[in-house]
Every structure is written in C-alpha cells, then in structure tokens.
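Enquirer: turn this into a structure:
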Amino acid sequence: MLTEIAGKTISESLFSEKVYWLNQLSGELPESTLITDYKRPRTYSKKNKTVQFQLDEAVSQRILKLSNGSPNSVYLFLVATAQILLEKYTNNSDLIVGIPAFDNGADIKTLANSILPLRTCINNNLTFKDVLLQVKERVIDAYVHQSYPINTIAQLLELPQHHNRCSIFDVVILLENIHAYDEISDLNNDLTISFAIEDQGIRGTIDYSDLLFFDGTIDAIANYYTNILKSVVQQPSLQLSDITLLTVSDQHHLLEDFNDSYGLYPVEKTISDLFEKQVVQTPDNIAVVDAVGKLSYQDLNNKANQLARFLRQVGLVPGEFVGIYKHRDINFLIAILAIHKAGGAYVPIDSSYPLDRIQYMLANSAVRFLLTDGLCVKPLDDFVEPCLELEHVICLDTVADFKQTGLAHAKVYDSQDFQTLSQENLEQRNQGTAPAYMLYTSGSTGLPKGAIIRHDGAVNHIYAQLDALALHDNFSFLQSAPASSDISVWQFLGPLLTGGKTVIVDTETVCDPAKLFQII
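Expert: As a prediction, the model looks like this:
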C-alpha cells in the first residue's frame, strides 16, 4: 500500500518515521543559533573563515578513556558538551543542532537526508551524565528514523524557508573520524563544529562566516567549549548549574579588569553643595544658555537662592517633593537648583503630557508646591481641583491676572514675590542620603509609578558619566532630553558641577535636524 504525502509517494513502512519526526519538530522550534555580531545578509554567506583549537592532551585522553576509545562514544560526549555550551550561551534549554546521518552503507543522495536535526531539552538540575544519556538516546532514535526525508517534514509543518540560513538548525556538529565533512560543506548553517581524533589528542575546528561573526567571538566560543570539557571530564556527575563558561582568570578579567570603574566621587554631598562650590571657582563663566538668554554661574546661583528662600518662607520642609510643570528653559534649571537649596526634591511633569496623566502625577505625588510659568497656569485650572494637597502654585514669571482670581484651592505667586529676596546662599538642610528627585515610569505595565533617587545616587551617576565621556571642565553640553527622563538629570546638572555649560534646546528644535545641527 502506498501513501501520498506533500506530492511525494512513500511506502507505508516509513509511516512510523514520519510520526517520529513530526513529534520531534512540532510546536515552536527553538533557535540554537548564537547572536551574530553583524546583521544577517539577505542571502546566505558561505562559511569562509576557520578557527582551530587543540584540546589538552590530558583532557583528550580522559575523553577517550570515558568513551572506551570508541569514536561513536567520543562523538556523543562532544555533542553533549556542545549542547551545554549552547544552553549556557543562549540561555535556551530547548535546543536543536544538526548531526550527520549514520553511514549504514545506504546511498544518501540528497542534502536533506545527510543531516539530521537533534532536539534535546536540558536544564540546570541535570548532571552532565544525564545530558550525555539523553543525547545518546536521541541520537540513536534519529539514526533509526533517518530514512524519512526531513524536507518533507518541513513542508508538512510549514516551516519557513529562508534564503540566508537553515530553517531548522544553525549549528552542526561532526566527528571527522566517522563523518564525511564534504557531504555537508555546502549546508547553509551558521557554524560547523568539527572534531578529529589524532595521535596527539582531539582537535576542534569551527567554520563560520566573517559576515556574521567577529573572529574574537569564535575564539571565545572555542575557549568556552574547552572550559566546559575540562569541567565535565574531571567530574561527569557535575550539575549543569555548577558548570561555567569562564575560568577564574576569565571571570577576573571581565568583572575586575573590564569593570574597573571605581571612582572617588563626593557622594556625601548634595547637588546644591557641589554647585555652590563650583560657583565660587567659576562665578563669571556662562553656566546655562537657552533660546532667549544666558546666565553666569553667579547669576544662576543668585536667582536659585531667591526662589529657594521663598519656598522655605511658604512652608517647604526638608525632603518634601515639589512639582515642576513647564517647558524646559533656564527657569526650569533655576527651579531644580532652588528646590535642592530649599531642602526639597523635584518632580518633573512634562507639559506635553495628556491632562489626565498630569492630574494623576500631581495627585499621586501629593505635592503641596508646584513651580510653573504663565503659559501653563491657565490649563492648570481645568484639572487641579481634585489635587487637594496642592496649596501653592509659583509662577517663575509674572502672571498678575491669576494672582487676583486664584486657582481652585491653591494660592498663586509669581516672580515679583521672590525676586527681591536675598541672593545669599542658604544654610544646607540635607545630606547626600536625602531624596533629590522623583521620576515617574511610563505606566506601560499599569499606572505610572514614582521612582525616588537620592542625591548620592544622582552624584554617583553624574560623575560616572562625566568620567566615561572624559568631560571635566569648560565643555558645553546639549540639554535635549525630556525633563521627565533620567538622561535629563545629568544633561541639566552634569556640566554645572565641573564648570561646563548647559545649552537647553526646546523640543521643536530637537525634532528639526537642520535647526539642531545649527545649534550644535
């Protein structure tokens, strides 16, 4: 009896093999590939580079001894180790690699029948011996069912066909002592890892394309593989959770040498402490520039002191949150510095946000003080009524009309109320452990949530960024990020702690490449 499948006629004796492969390749297929260093070309790029590595003689002899000198057993050992490498490297427990079909004397005429997909599922609770037994069982099963054309299974399962990679697996593993490399040399997979048992031990070779991987990436993979082999030959009962890709020296290199970012930063100080220190050093330097003006360090400090003094007069207590609801300009920076000088922490509220989000942030943060400007005061009247905690709205420019009518239950002030106050520095009320600002999350996983950052954390971040970019004094920095983002913090304040200049550009300029380039 004959059965027709996908346009091909196969004998009923192959039915069990068909069922086996359908079960093996059903569901969502995992990607066993390693992340490429380059964007994958649209068409397949041949493997044109090779990295060779020699296993230590002691490791090689141990593998041969554990495998009783059988090339087939050696191959199973090497495949099991490669599966552990891929699990560690990709963090994927469901893996598929390609293995050459078993040479039983049959005439293998097609590429689809000369390579078989080997699917395993491993986790950290298993030992190497467990993985080795699983690989042995799956390899034998694959050999038993190798007569059925895998390309037919791919058609039945409607697996996507790619012009630039294999549709089922990306890594092929073979042993040259029992497999013919030439039969799979043209396969369009990413990596072919081949081994050879020689007089001096076991040699490994990785074939790859330099259009996909850096040479250093493949060198690292070879080192990680040998590290795993050294671990499992010494202790085959080792749990996967105890196997690492890195040697002790590798770990030190990555964690200590590459991560040598220790710095002595003044984290015990507040941002206002550090700014006032810089004012003394460079009082006449330009500190901030926007579309309509500029201020020196001394002038910026004077204006911030006046506003800070007023905040204390109307009742701001140390550690209290103060909202800033306005567009980014020099006054926004004055507001930040004044809140810190007064002992508070600022909450930036983007004036472009929808009204319901602004209302939510005002209510959720329970601010009693809100710093704004004339352009933003009138819209506030539409949604501040439910914000019962809001008592004081301070305009950083003059808005006499609203001072007469009031704003719901909140009292309105303007610059005339504080611009004649003393310009002297205030006595500091905070330490580095005090809150500096609170930023709200996007709310993509629910309602927005306020994240509080302390002065010491902000100072550490600012100085670390300045060190990373080698920016220390007399530099100009473009302040372009929305005030509600963490990037804006060091764009606003980073230059001011080292004598640099903050150049504030509005959102319209940021979105216009020609204007932005001109500013730069």
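Enquirer: from residue 503, how far off is residue 43?
Expert: Separation of residue 43 from residue 503 (Cβ to Cβ, to the nearest Å): 46 Å. All C-beta atoms are positioned from the backbone trio N, CA, C, and that covers glycine.
Enquirer: the more surrounded of these two?
Expert: The residue with more neighbours, out of residue 43 and residue 503, is residue 503; 19 against 9, by other Cβ atoms under 10 Å.
Enquirer: for that one, give the beta-bridge partners.
Expert: residue 289, residue 478 (DSSP bridges).
Enquirer: tell me the pLDDT at residue 3?
Expert: For residue 3, the pLDDT comes out at 42.
Enquirer: may I see the buried residues of stretch 469-483?
Expert: 471, 477-481, 483 (16 or more other Cβ atoms under 10 Å).
Enquirer: what's the closest of these to residue 127?
Expert: residue 481 (50.2 Å; Cβ to Cβ).
Enquirer: contacts only, for the closest one.
Expert: 487-488, 491 (Cβ atoms under 8 Å, 6 or more residues apart in numbering).
Enquirer: ok, now residue 447?
Expert: Applying Cβ under 8 Å, 6+ apart to residue 447 gives the contacts 360, 364.
Enquirer: that one belongs to a strand, doesn't it?
Expert: No: under the criterion used here (DSSP: H, G, I helix; E, B strand; the rest coil), residue 447 is coil, not part of a strand.
Enquirer: make 39 the starting number, not 1.
Expert: From this message on, residue numbering opens at 39, which makes the last subject residue 485.
Enquirer: for the stretch 339-488 of the chain, which segments count as helices?
Expert: Residue ranges of the helices in the stretch 339-488 of the chain, as given by DSSP state H, counting those that start in this stretch, are 368-380, 393-403, 412-418, 438-443.
Enquirer: quick one: low-confidence ranges for the chain?
Expert: 39-51, 70-71, 142-151, 419-423, 438-446 (pLDDT under 70).
Enquirer: out of the helices of the stretch 339-488 of the chain, deepest packed?
Expert: Of all the helices of the stretch 339-488 of the chain, helix 368-380 carries the top mean neighbour count, a mean of 26, counting by mean count of other Cβ atoms under 10 Å.
Enquirer: give me the distance between the nearest residue to residue 346 once chain neighbours are set aside and residue 459.
Expert: Leaving aside its chain neighbours, residue 346 sits nearest to residue 379 (3.7 Å; criterion: Cβ to Cβ, 6 or more residues apart in numbering). Residue 379 sits 12 Å away from residue 459, going by Cβ to Cβ.
Enquirer: need the overlap of contacts for these two.
Expert: The contact lists of residue 379 and residue 459 share residue 343, where a contact means Cβ under 8 Å, 6+ apart.
Enquirer: spatially nearest residue to residue 388 (excluding sequence neighbours)?
Expert: In space, and not counting its chain neighbours, residue 388 is closest to residue 522: 4.6 Å by Cβ to Cβ, 6+ apart.
Enquirer: state the distance from that neighbour to residue 541.
Expert: 19 Å.
Enquirer: repeat for residue 212
Expert: In terms of Cβ to Cβ, residue 212 sits 60 Å off from residue 541.
Enquirer: same check, this time on residue 512
Expert: 13 Å.
Enquirer: try residue 405
Expert: From residue 405 to residue 541 the distance is 29 Å (Cβ to Cβ).
Enquirer: can you check residue 360 too?
Expert: 25 Å.
Enquirer: please apply the same query to residue 155.
Expert: 58 Å.
Enquirer: for the nearest residue to residue 338 once chain neighbours are set aside, what is the enclosing helix or strand?
Expert: Nearest non-adjacent residue to residue 338, counting by Cβ to Cβ, 6+ apart: residue 325, 4.7 Å away. Here residue 325, judged by DSSP states H and E, is contained in strand 324-327.
Enquirer: now residue 256
Expert: Applying DSSP H and E, one finds residue 256 within helix 253-272.
Enquirer: what comes into contact with that helix?
Expert: Contacts for helix 253-272 (Cβ under 8 Å, 6+ apart): 72, 75, 87, 89, 91, 93-94, 97, 100-101, 104, 119-120, 122-123, 126-127, 166, 229, 231, 242, 244, 246, 276, 281-285, 288.
Enquirer: filter the residues you listed down to the buried ones, ChimeraX style.
Expert: Applying 16+ other Cβ under 10 Å to the contacts of helix 253-272 leaves a buried subset, and the ChimeraX line that selects it is:
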select :72,89,91,93,97,100,101,119,120,122,123,126,127,166,229,231,242,244,246,276,281,283,284
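Enquirer: so which of the contacts of helix 253-272 belong to helices?
Expert: Per DSSP state H, helices hold the following members of these: 97, 100-101, 104, 119-120, 122-123, 126-127, 166, 288.
Enquirer: distance to residue 384 added to those residues, as CSV?
Expert: Listed next are the ones in helices among the contacts of helix 253-272 as CSV, based on distance: Cβ to Cβ, whole Å:
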residue, distance to residue 384
97, 60
100, 63
101, 63
104, 65
119, 55
120, 54
122, 51
123, 50
126, 45
127, 44
166, 55
288, 44
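Enquirer: find the nearest non-adjacent residue to residue 456, please.
Expert: Counting by Cβ to Cβ, 6+ apart, residue 456 lies nearest to residue 348, which is 3.6 Å off, once chain neighbours are set aside.
Enquirer: so how far is residue 474 from the one you found?
Expert: Distance from residue 348 to residue 474, counting by Cβ to Cβ: 20 Å.
Enquirer: what do you get for residue 282?
Expert: 39 Å.
Enquirer: residue 264 too?
Expert: Applying Cβ to Cβ to residue 264 and residue 474 gives a distance of 49 Å.
Enquirer: which two of the buried residues of stretch 507-521 have the greatest separation?
Expert: Maximum distance among those (Cβ to Cβ): 20.8 Å, for 509 and 521.
Enquirer: related to what we said a few turns ago, give me every residue that touches the residue nearest to residue 456.
Expert: Residues near residue 348 by Cβ under 8 Å, 6+ apart: 432, 451, 455-456, 459.
Enquirer: residue 372 too?
Expert: Counting by Cβ under 8 Å, 6+ apart, residue 372 makes contact with 338, 341-342, 345, 434.
Enquirer: equivalent analysis for residue 541, please.
Expert: By Cβ under 8 Å, 6+ apart, residue 541 lies in contact with 326-328, 514-517, 557.
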